[in-house]
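# sequence isn't available, so here's the structure alone:
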């Protein structure tokens with residue numbers, strides 16, 4: 001990222017962190033998942049596989065599976081992953097895998113994690129196209145999806 005992008009990235013990060021959505025982590029996580037389903041998964045060549053992964057997160061959030069089952073399911077599914085022929089699809093997979101991380105889903109921050117979950121998520125969005133377009137789309141998605149009174 002160049003200096004201008006770093007400034008814009010930080011502005012987006014701060015705006016989301018200061019928004020009301022961060023007061024309800026469950027709502028935030030659901031927003032991340034919905035955004036991935038609408039904007040990230042469709043741009044992959046492996047949408048069906050990625051949607052399967054996201055469904056494990058949804059089951060975890062709905063209490064249908066626990067963290068151990070989530071991790072086992074993701075590990076098993078990862079073994080079946082398609083062979084990616086581009087860095088682009090690998091970067092999309094990284095976003096989806098982050099959305100299946102039980103620490104992220106539970107709002108648990110490990111001691112060795114330097115940045116917020118949101119910061120990591122935005123950075124993964126940036127890496128897909130090496131620009132801020134998806135980060136900005138995520139910000140606008142939050143604004144348009146949720147009312148902040």
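Perfect, thanks for sending it. Predicted model only: the values in this text are computed from it and were never measured.
# contacts for the helix or strand bottoming out on mean pLDDT in the chain?
Every helix and strand of the chain was ranked by mean pLDDT, DSSP states H and E. The lowest is helix 67-79, at a mean of 89. Contact partners of helix 67-79, identified using C-beta atoms under 8 Å, 6 or more residues apart in numbering, comprise 49, 52-53, 56-57, 59-60, 65, 97, 100, 102, 105-106. C-beta: built from backbone N, CA, C; applies to glycine.
# just the buried residues of the residues you listed.
49, 53, 56-57, 60, 65, 97, 100, 102, 105 (16 or more other C-beta atoms under 10 Å).
# low-confidence ranges, the chain, go.
Per-residue confidence of the chain (counting by pLDDT under 70) places the weak regions at 147-149.
# what ranges do the helices span in it?
In the chain, the segments counted as helices under DSSP state H are 3-17, 25-35, 47-61, 67-79, 87-98, 102-106, 117-129, 133-145.
# in TSV, list those helices along with distance to residue 41.
Written out in TSV, the entries for those read as follows (distance: least, C-beta to C-beta, whole Å):
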stretch	distance to residue 41
helix 3-17	21
helix 25-35	10
helix 47-61	5
helix 67-79	14
helix 87-98	7
helix 102-106	17
helix 117-129	12
helix 133-145	12
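# sorry, back to before: may I see the contacts of helix 67-79 organised as CSV, with distance to residue 13 added?
Below are the contacts of helix 67-79 laid out as CSV (distance: C-beta to C-beta, whole Å):
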residue, distance to residue 13
49, 29
52, 30
53, 25
56, 27
57, 22
59, 29
60, 25
65, 30
97, 21
100, 22
102, 23
105, 20
106, 21
